[in-house]
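Asks: quick one: sequence plus predicted model below, questions after.
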Amino acid sequence: MTTTPETNAVWPQTLVGIGVLLTGLALGFGAISISSEAGYGGVGPNFLPWLISVVLTICGLFILWEARSGGFRELDAPSGAEHAYWPGFVWVSAGLLLNAALITTLGFILSCTLCYVLAVQGLRRAAGQACGAPRVWIVDTIAGVLIAAPVFWMFTQFLAINLPGLTNSGWL
Amino acid sequence: MEIFNALMTGFAAAITPVNLLWCLVGCALGTAVGVLPGIGPATAVAMLLPITAKVDITASMIFFSGIYYGAMYGGSTTSILLNTPGETASMVTAMEGNKMAKSGRAGAALATAAIGSFVAGTIATVVVTMFAPMVAEFAVKLGPPEYFLLMLLAFTTVSAVLGKSTLRGMTALFIGLAAGCVGLDQISGQGRYTGGVPELLDGIEIVLVAVGLFAVAEVLYAVLYEGRVVEGQNKLSRVHMSARDWKRSVPAWLRGTVIGTPFGCIPAGGTEIPTFLSYAVEKKLVKDPKDKAEFGTTGAIEGVAGPEAANNATVTAALIPLLTLGIPTSNTTAILLGAFQNYGIQPGPQLFTSSAALVWALIASLYIGNVMLLVLNLPMVGLWVKLLKIPKPQLYAGILIFATVGAYGMRQSAFDLFLLYAIGLLGVVMRRFDFPTAPVVVGMILGPLAEAQLRNAMSIGEGSAAVFFQRPMSITLVVIVLAVLILPRLFKHMSERKARLAGV
């Protein structure tokens, strides 16, 4: 289903265009420090970075132009709601980021359980479900441990993948 | 005869109890992955890539292929019963199959999809068996210029064909190429875009990008936009086909296979084109006005049988370019290429000579996997459907635990988990604004390889680009790349002009 661009989509699309443009320029800035020493071939290690930088900058300009002149062309209507549900996003993001920050301190099982509980909270809220009761928190915590622990054991004990444990025994 | 003997050796390796078990687990897991919304085969394989650190290569390739095949089967179940195609390959199945289900014929739709997938998968596996060694023999003769042009063709088709906008496809491809540039340059050993972060010297893991773009982005997108979406489920009827259903399905399966197989062999951007083409062909060929009236209304069985066969044939045949040229034509084959690379093996023409045992065991396991899937799917479809009862919040939060294993397990780096989140955000933006994701993965995987081939080719040509025009094969490839770039625009321009003139 192709939609006509809506006025309220102009700014988000413009931001996407600016993002691509800035990425292109940043890659160009990074390419300055890459050597052009080409050996026999005439194509050095900086060739591809420059090419990517130039193309992404051009793409960014075109995307920006599309955004400001009627919206993205041939755009499929995105699935789901028109407006984002930010509180849920914050819960899930907190789960993912705390997992990243704490995985080496808490170990895989506890860290992933925390990630699970926070993510479920966000997703429940997004779905409009009740989620504040202590019973829900307890059930979610148990569910998180019941998923994370077998995953930990399966990958560490059977597949010898190195995941951080809580103790040095290797079982927790 | 030589091929037959090699295949028999492959069967001998594939039917060891351990490998059969991996194949069974892969098929079952793949079917579950296909049934569950939000996880595609690419995500599942990416999340499980850490097993390559421990499991023997033959077993893990058999396992991943099982997931790949199984997910295609499982995807048709959700498309028919829920009208939620997990991926583009199942979109056409969702169109007609869901209408059949709504009119009380879910069983026939599920049966024709499962048997059609088996027929197409088996025939396409025969094609892989017969032709992959020939392509490999031919590919040995290709040099760096031809390889570079072949990859250029893959880039061109993947960014032009996937998604509606070439501009957004190109942007996605170059984001992937940029991600592939991060780390040490493989020829000069110089660091690029590392920003002083030691973790980036090794580059960005493909697993990280795949898991971030598919799994994490899916969860973030769900919480942002899809929390309130409630899906209705069609009633499951007994899985069987009447004599008339068989009569209508068999030719559609065969036609779907014939359409799908060549599309798998070329880097033309996945399963969308063959499935839609097969659907159009079936719609066009149906003669009986009563059957014709079923299309788009109560659901025509040909509209499920043909496209399902086409997508399975394409998926199977996609192993030919992957194994013989090292070129992935879909997200999942791109991640399979990453799995090979984890073992220090680069798929390509040499693979058939250097790792013949592995290749033939893999091909043999495809035959076995097809049979296993038929056995797993037809009688157990009711069980698979029960998976749909898992509530979405718990399912999606569970996916994040597996995403953590996939991302952290490869390098034991917490930095990778932060990067995973950032890539997930990028995936949300891409999905919201209709940027295709496959070019990112293909660009990231093939980018460094294409760059190396380009630099080797230029070295051979002593700095002259004429090296790309000196051999018949390279000139042919240049012409094809130009044709892919120019012809669609020319046709579009001509049809618009025709429409304008007709309007006047």
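Replies: It's in. Numbering: from 1, shown residues only, chains lettered A, B, ... in the order given.
Asks: how far away is B:V209 from chain A?
Replies: 15 Å (Cβ to the nearest Cβ, to the nearest Å). (Each C-beta comes from the backbone N, C-alpha and C, glycine too.)
Asks: element containing that residue, please.
Replies: In the assignment (DSSP states H and E), B:V209 maps to helix B:206-210.
Asks: identify the residues contacting that helix?
Replies: Around helix B:206-210, the neighbours that count as contacts under Cβ atoms under 8 Å, 6 or more residues apart in numbering or on different chains are B:42-43, B:46, B:49-50, B:176, B:179, B:331, B:334-335, B:338, B:341, B:406-407, B:410, B:416, B:419-420, B:423, B:440-441, B:444-445.
Asks: switch to 6 Å and redo it
Replies: B:A46, B:L49, B:I335, B:G338, B:G406, B:A407, B:M410, B:D416, B:L420, B:I423, B:M444, B:I445 (Cβ atoms under 6 Å, 6 or more residues apart in numbering or on different chains).
Asks: looking at the residues you listed, which one is closest to chain A?
Replies: Nearest to chain A among the contacts of helix B:206-210 is B:L420, at 7.5 Å by Cβ to the nearest Cβ.
Asks: low pLDDT regions in chain B?
Replies: Scanning chain B for pLDDT under 70 picks out B:1, B:38, B:84-89, B:160-163, B:230-239, B:267-270, B:504.
Asks: quick one, strands of it?
Replies: Counting by DSSP state E, chain B has strands at residues B:183-184, B:191-192.
Asks: distance of B:V479 relative to B:S117?
Replies: According to Cβ to Cβ, to the nearest Å, B:V479 and B:S117 sit 36 Å apart.
Asks: show me which of those two is the more surrounded one.
Replies: B:S117 (29 against 10; other Cβ atoms under 10 Å in any protein chain shown).
Asks: pretty sure that one contacts B:A310?
Replies: No: assessed by Cβ atoms under 6 Å, B:S117 is found out of contact with B:A310, at 10.1 Å.
Asks: could you list the domains of chain A?
Replies: A:10-69, A:86-159 (the TED database).
Asks: near chain B, anything from the shortest one?
Replies: If I follow you right, that is domain A:10-69. Yes: Domain A:10-69 is in contact with chain B by Cβ under 6 Å from any Cβ of the partner chain, via A:16, A:20, A:27, A:30, A:34-35, A:40-43, A:45, A:48-49, A:52, A:55-56, A:59, A:62.
Asks: quick one, which of the domains of chain A gets closest to B:P379.
Replies: Distance to B:P379, taken as Cβ to Cβ, is lowest for domain A:86-159 among these, at 27.5 Å.
Asks: gap between the two ends of the closest one?
Replies: Using Cα to Cα, to the nearest Å, one end of domain A:86-159 lies 38 Å from the other.
Asks: can you give the distance from that domain to the centre of its chain?
Replies: Averaged C-alpha coordinates place domain A:86-159 at 17 Å from its chain's average position (Cα atoms, centre = their mean, to the nearest Å).
Asks: and that domain, anywhere near chain B?
Replies: Yes: counting by Cβ under 6 Å from any Cβ, chain B is contacted by domain A:86-159 at A:88-89, A:92, A:96, A:100, A:103-104, A:112, A:115-116, A:119-120, A:122-124, A:126-127, A:147-148, A:151, A:155, A:159.
Asks: related to what we said a few turns ago, of the residues of domain A:10-69 next to chain B, buried ones?
Replies: Neighbour-count burial (16 or more other Cβ atoms under 10 Å in any protein chain shown) is assigned, among these, to A:16, A:20, A:27, A:30, A:34, A:41, A:43, A:45, A:48-49, A:52, A:55-56, A:59, A:62.
Asks: in chain A, where is pLDDT below threshold?
Replies: A:1-8, A:38-41, A:168-172.
Asks: helices of that one, start to end?
Replies: Under the criterion DSSP state H, chain A carries helices at the ranges A:10-32, A:47-68, A:86-106, A:108-126, A:134-153.
Asks: how about those, which one is nearest B:A397?
Replies: Using Cβ to Cβ and comparing those, the one that lies nearest B:A397 is helix A:108-126, at 3.9 Å.
Asks: and for the closest one, what's in contact with it?
Replies: A:85, A:87-88, A:91-92, A:94-95, A:98-99, A:102-103, A:131, A:140-141, A:144-145, A:148-149, A:152, A:163-164, B:223, B:227, B:393, B:396-397, B:400-401, B:404.
Asks: please spell out the ChimeraX selection for the buried subset of those residues.
Replies: Of the contacts of helix A:108-126, the buried ones go into a single ChimeraX selection, burial set by 16+ other Cβ under 10 Å:
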select /A:85,88,91,92,94,95,99,102,103,131,140,144,145,148,149,152,163,164 /B:223,227,393,396,397,400,401,404
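Asks: separation between A:W11 and chain B?
Replies: 12 Å.
Asks: ok, that residue - contacts?
Replies: Neighbours of A:W11 in contact, by Cβ under 6 Å, 6+ apart: none.
Asks: look up how far A:W65 lies from it.
Replies: Distance from A:W11 to A:W65, by Cβ to Cβ: 15 Å.
Asks: again with B:L20
Replies: 57 Å.
Asks: these two: which is more packed in?
Replies: Taking other Cβ under 10 Å, B:L20 and A:W65 do not tie; B:L20 has more neighbours (15 against 12).
Asks: for B:V481, see how far away the more buried one is.
Replies: Distance from B:L20 to B:V481, by Cβ to Cβ: 43 Å.
Asks: could you work out the end-to-end span of stretch B:291-309 for me?
Replies: 19 Å.
Asks: may I see the buried residues of it?
Replies: B:292, B:294-295, B:299-309.
Asks: do the same with stretch B:5-14
Replies: Neighbour count says stretch B:5-14 has B:A6, B:L7, B:G10, B:F11, B:A13, B:A14 buried, by 16+ other Cβ under 10 Å.
Asks: so what touches that stretch?
Replies: Here stretch B:5-14 makes contact (Cβ under 6 Å, 6+ apart) with B:T129, B:W360, B:A361, B:I363, B:A364, B:S365, B:I368.
Asks: so who does the third one touch?
Replies: This means B:A361. By Cβ under 6 Å, 6+ apart, the contact list for B:A361 reads B:G10, B:A13, B:A14, B:T58.
Asks: can you give me the neighbour number for the residue lying closest to B:T194 once chain neighbours are set aside?
Replies: Closest residue to B:T194 apart from its sequence neighbours, by Cβ to Cβ, 6 or more residues apart in numbering or on different chains: B:L200 at 4.2 Å. When counting by other Cβ under 10 Å, one arrives at 18 neighbours for B:L200.
Asks: now swap in B:G176 and tell me
Replies: 29.
Asks: also A:L166?
Replies: When neighbours are counted by other Cβ under 10 Å, A:L166 comes out with 15.
Asks: measure B:T122 to B:A12 for me?
Replies: 20 Å.
Asks: try B:M444
Replies: From B:M444 across to B:A12, the span is 37 Å (Cβ to Cβ).
Asks: against chain A, how distant is the closest residue in space to B:G348 that isn't next to it in sequence?
Replies: Take B:G348 and drop its neighbours on the chain: the residue closest to it by Cβ to Cβ, 6+ apart is B:G326, 4.1 Å away. Distance, B:G326 to chain A, by Cβ to the nearest Cβ: 19 Å.
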